[in-house]
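Visitor: show me the folded form of this:
(2 chains)
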2 protein chains.
Amino acid sequence: MLVPSHIQTLKPYIAGKTIEEVVHEYNPPRISKLASNENRLGCSPKAREAVNRSMDQIMNYPDPASKLLRERLAKQFGIKTGNVITGSGSEGVMALITRTFFLDTDEALTADATFIGFVVLANSRGIKLRRVPLTSGYRFDLEAMAAAIRPETKVIYLANPNNPTGTYFSRKEFEAFHKKVPEHVLIIMDEAYFEYARNVADYPDSMKYRYDNVITLRTFSKAYGLAGLRIGYGFAHEDIISNLMKVKLPFEPSTPAQAAALAALDDTDFLDRSVAMVHSGRDRLYDFLTSKGLNFVESVSNSVMAIFGDEPEAEAFTLAMLKKGVILRRLPAFGLPNCVRITIGTPDEMDHFEMACDDVLPV
Amino acid sequence: MLVPSHIQTLKPYIAGKTIEEVVHEYNPPRISKLASNENRLGCSPKAREAVNRSMDQIMNYPDPASKLLRERLAKQFGIKTGNVITGSGSEGVMALITRTFFLDTDEALTADATFIGFVVLANSRGIKLRRVPLTSGYRFDLEAMAAAIRPETKVIYLANPNNPTGTYFSRKEFEAFHKKVPEHVLIIMDEAYFEYARNVADYPDSMKYRYDNVITLRTFSKAYGLAGLRIGYGFAHEDIISNLMKVKLPFEPSTPAQAAALAALDDTDFLDRSVAMVHSGRDRLYDFLTSKGLNFVESVSNSVMAIFGDEPEAEAFTLAMLKKGVILRRLPAFGLPNCVRITIGTPDEMDHFEMACDDVLPV
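Guide: All right, here's what the predicted structure looks like:
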C-alpha cells in the first residue's frame, strides 16, 4: 500500500475563513482579523526594507548556516552560535525535531489543550502521543505531566505562555518539573509568545538558565509581525543543535526571512510599541468582557480566551461576530468547544470588537 | 539516548565557499559564481514587485492551501488543483514525501551520482537507500534500476535531467521502466531543470502523461531565478496530494514565495531569455572545452560536467579557477571525484570563465 495507515487516518488541516471568504459571505462594512494571534500593527519598516534589498540576490540559494542571524541571536542572548538554530517558523524547527529524534517506538507527551502543530507532527510521524488534562485554571499541570512520563517517553512538549489559553507556568514550577524528567527525554519549550510575557515577574524566560535536554523555540511570527515570511529559531545544547543541523533542509529559512529577522531584531522601537499595544489592549479587553458579564482566562500572551456556558453559545457568539466582520477563533480542535480566542488588535480593531459585541450581546 | 544512532552517524552538510569567503581568501579582481546552477540573470522584476506588495500583509500567516498558485499551476498544465502541491523548494516537497510515505522497514532506490538532497532525506529518516551505478555515459541506468527493485522498495528517486551530469532519459526509456515498477512503489520524478530540457524532442515532459504512482517535482529555484525564496511544486494523483497536504506544514511556502511564483509564471519573456541564455552559453562552452582538449558530458540542463583524468587534476583545476574568481563545483560528494560542474552564466561570466581557463590551462 502506497500510503501508510497512520497517514491515511490523519485529518486534513482545516484553515480558518480568509478575509476574502468573510467578505464574500457576509459583506460586513469592515473586517477585524482577531483570529490568528498575528501582530495587527504589521511589521517593522526596517524588515520590509531588508526584504527588498535581499531580492538583489534572490537567484542565489540562502546561506545554509544562517550565519549572520545565528550570530546576532547568540550575541543578543549571551550564548554561542553553536547553540542556535533557525527554521521556517518555530513550527519548522519543531518539524525538524520530530524528524531528528523520534524512533517508531518512542512516545511524546503534552497537554490536552495546547498548540495543535505539535500534535499533527507527532501523528504524522506515527508516534504515540499521550496528553494530560490542563488544571481547572486552564494551566499546564506539570505535576501530572511528570507523573505521566514512561520509559517510552522521548519528547515532552510545553508551551509557555500556552496557546490558546494564554496562561503560563512559573520558573519554580518548571524547575520542580525538570528535576523529575530523565536526561534522555527532550523537553520542547515553545516560547512563541515570549515577548509578551517576559515582563511577568515569575515567568521562566528559559534563556536565563539552560538544561542540556531543553530546546527553547521562539518565532518572528508573533510580536515581530513576520508570520507570512516563516522564520523562527531554537536554543539548545550544541550537541542537540549540531544533530538538528545535519537533518535540516540546507536552504531553510529563505534569504528574505533571514534578512527581515536581522532587521527586526534591530528595531526595538517597533517591538516595544507592539508589546505595549497588546498589554494596554488586554487590560481594556478584560474590563470590557467583565462589563458584559463574560468569563475569561487571564493571559500573558497576545490573546484572551473567553469562556462560554456551552458549545452552542460559543458557536453562536463567534458566528454573530463574524457577520459583523470580527473574525475570532473557536477552539473545538483544542478540546475547548465552549471557548473562543480573541487576539488583541489595534485600538481601532478593539473599538470594532466592542461595538460588534455590544450589538451581539446587549447587556 | 537522546539522539538516534542513524542521526549521529549522519555527516554534516558542507556548504560551498561563499562569495565573501572567496574574496577574503583570494581577493580576485572579479567573481563569477558558476557553482550552484542558479540563474545568473537574476529573477523577473515582476516577481520582485510581487514580493514587495506581499509585504503589506506579512504579519498574517500565509494561505495554507496556496490556493491562487495551485490554481494557476493547474490551469497552466491542464490538470486539477487537487493534483498540485507547493512547498519550500522542490526539496521541501521531497522532505514532505519522505515524512508521508516511509515506514522504518521501507527501502528507497536511486542512482549513484544524482541530487544529494534525496540521499540526506532518506538517511535522516533511517531508511535503507540502495544505489545503482550510472551508465558509462553518465546516464540513469533505468534497466538496472528496474532489476534492483525489491519487495521492500517503497520510493524510487529519478532526476530528469539529472544533476550533476546534465543527462536525461527518454520518454521511451521511462515508459519501459515504468511497466516494471509495481503500483505500490512511488516514483519521484525530479524535473528541477525541466525548463531547460523541454525543447528536446524525446525528453519525457512528465506532465504530458500521468501515472498514478509518479510524483513530478519542479521548482522556481532554477530557470525562474528564485532560489533564495524557497518555492517549488509537485504534480501527482489527487490521493497522493491529499495525503501530502495532511502532513505538510500548514504555512509552507511563505507569502512572498507564493506571490513571487505567481508573478514569475506570468513573465514568460524573462523565462524565455533565461533559457535562451543557457542554450547559447552551453554551445559556446562546448566549443571552448573542446578547444582546450577537455572532456565533458553533453547536457540538457543549465550546467555542463567536465571530466578530468583523475581527482588531483579536477581538484587543481577547480582551485586554480577559484583563485581567478571563478567558483565551480567539484563532485566527490556525488561519487564523481574527477568531475567538475560548470553552471552556464551570463555572456560576461562566460568571458571570465574562458579568460581564467586560458590562464589556468594554456594549450
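Visitor: residue contacts, residue A:274?
Guide: Contact partners of residue A:274, counting by Cβ atoms under 8 Å, 6 or more residues apart in numbering or on different chains, are A:39, A:41, A:195, A:223, A:224, A:225. Every residue, glycine included, has its C-beta placed from N, CA and C.
Visitor: so the second one touches residue A:273, yeah?
Guide: Yes. Contact between residue A:41 and residue A:273 holds when scored by Cβ atoms under 8 Å: they sit 6.7 Å apart.
Visitor: ok, then the element right after the helix or strand where residue A:272 lies?
Guide: Using DSSP states H and E, residue A:272 maps to helix A:268-291. Counting by DSSP H and E, the next helix or strand C-terminal to helix A:268-291 is strand A:295-297.
Visitor: would you mark the buried spots in that next one?
Guide: Residues of strand A:295-297 classed as buried by neighbour count (16 or more other Cβ atoms under 10 Å in any protein chain shown): A:296, A:297.
Visitor: what pairs with it, and is each one parallel or antiparallel?
Guide: Paired strands of strand A:295-297, with direction, are strand A:303-307 (antiparallel) (DSSP bridges).
Visitor: which residues sit in contact with residue A:176?
Guide: Applying Cβ under 8 Å, 6+ apart, the residues near residue A:176 are A:142, A:143.
Visitor: can we see that at 10 Å?
Guide: By Cβ atoms under 10 Å, 6 or more residues apart in numbering or on different chains, residue A:176 lies in contact with A:142, A:143, A:146, A:169, A:170.
Visitor: could you check how far the residue in the stretch 101-250 of chain A that chain B sits nearest to is from residue A:327?
Guide: Nearest residue of the stretch 101-250 of chain A to chain B: residue A:228, at 3.4 Å (Cβ to the nearest Cβ). Relative to residue A:327, residue A:228 is positioned 17 Å away (Cβ to Cβ, to the nearest Å).
Visitor: picking that back up, strands - which of the contacts of residue A:274 land there?
Guide: Among the contacts of residue A:274, no member is found in strands (DSSP state E).
Visitor: just send those back as CSV, with distance to residue B:163 and pLDDT too.
Guide: As requested, those are exported to CSV (distance: Cβ to Cβ, whole Å; pLDDT from 0 to 100):
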residue, distance to residue B:163, pLDDT
A:39, 40, 98
A:41, 44, 97
A:195, 42, 98
A:223, 40, 98
A:224, 36, 98
A:225, 38, 98
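Visitor: in those residues, find the pair that's most separated.
Guide: Between any two of those, the greatest separation by Cβ to Cβ is 12.8 Å, found for A:41 and A:195.
Visitor: list the residues that contact both of the two?
Guide: Contacts common to residue A:41 and residue A:195, judged by Cβ under 10 Å, 6+ apart, are A:223, A:274, A:278.
Visitor: distance to residue B:359 for the residues you listed - can I get that in CSV?
Guide: Formatted as CSV, those follow (distance: Cβ to Cβ, whole Å):
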residue, distance to residue B:359
A:223, 54
A:274, 55
A:278, 61
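Visitor: out of the residues you listed, which comes closest to residue B:317?
Guide: residue A:223 (50.8 Å).
Visitor: go ahead and confirm that closest one touches residue A:161.
Guide: No. Counting by Cβ atoms under 10 Å, residue A:223 sits too far from residue A:161 to count as a contact (11.9 Å).
Visitor: find residues that contact each of those two.
Guide: Counting by Cβ under 10 Å, 6+ apart, the residues touching both residue A:223 and residue A:161 are A:192, A:193, A:194, A:196, A:302.
Visitor: of these, which pair is most distant in space?
Guide: That would be A:194 and A:302, which, of the shared contacts of residue A:223 and residue A:161, are the farthest apart (Cβ to Cβ) at 11.1 Å.
Visitor: please say which of the two ends up with more neighbours.
Guide: Remark: of residue A:194 and residue A:302, residue A:302 carries more neighbours, 29 against 23, as counted by other Cβ atoms under 10 Å in any protein chain shown.
Visitor: from residue A:206, how far off is that one?
Guide: From residue A:302 to residue A:206 the distance is 19 Å (Cβ to Cβ).
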